[in-house]
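S.K.: mind looking at a prediction? Sequence and model below.
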Amino acid sequence: MAFAWRNVFTYNRYAGIAARAVRRALKENKRLEADRRNTATVRVSKWKDGVQGEQVRLGTATEEH
């Protein structure tokens, strides 16, 4: 029964739900700090002959509340 979530969610979705529950349970000041860390920036760059090219920022994603 411990792995029943696998039939419904991917691990990433399960981990996101658990993280959101933990953040909501924190006291106000700690919750605000955790909310600030809840962002991810996606950047890509092409490599040619072992040298990294210019990085291009694709966007910023935040978890839905």
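M.R.: Everything's here; your move. Bear in mind that the values here come from a model prediction, so they are computed numbers and not experimental data.
S.K.: same for the helix or strand where residue 15 lies, what does it pack against?
M.R.: Per DSSP states H and E, residue 15 falls inside helix 11-25. Contact partners of helix 11-25 among helices and strands, from 3 or more CB pairs under 8 Å, 6 or more residues apart in numbering; DSSP states H and E: helix 28-36. Glycine gets a C-beta too; all of them are placed from N, C-alpha and C.
S.K.: for stretch 15-30, give the mean pLDDT please.
M.R.: Averaged across stretch 15-30, the pLDDT comes to 87.
S.K.: how near is residue 40 to residue 28?
M.R.: According to CB to CB, to the nearest Å, residue 40 stands 24 Å off from residue 28.
S.K.: compare those two (neighbour count), which wins?
M.R.: Counted by other CB atoms under 10 Å, residue 40 and residue 28 do not tie: residue 40 has more neighbours, with 10 against 7.
S.K.: for the more buried one, pull up the helix or strand it's in.
M.R.: strand 39-44.
S.K.: partner strands of that strand, parallel or antiparallel?
M.R.: Strand 39-44 pairs in its sheet with strand 56-62 (antiparallel), by DSSP bridges.
S.K.: what sits against the closest residue to residue 34 other than its chain neighbours?
M.R.: Nearest residue to residue 34 in three dimensions, chain neighbours excluded: residue 23, at 4.7 Å (CB to CB, 6 or more residues apart in numbering). By CB atoms under 8 Å, 6 or more residues apart in numbering, the contact set of residue 23 is 31, 34, 35, 38.
S.K.: just name the closest of the residues you listed to residue 8, please.
M.R.: Of all the contacts of residue 23, residue 8 sits closest to residue 38, with 23.0 Å by CB to CB.
S.K.: what's the neighbour count on that closest one?
M.R.: Applying other CB under 10 Å, we find 14 residues neighbouring residue 38.
S.K.: all good on my end, thank you.
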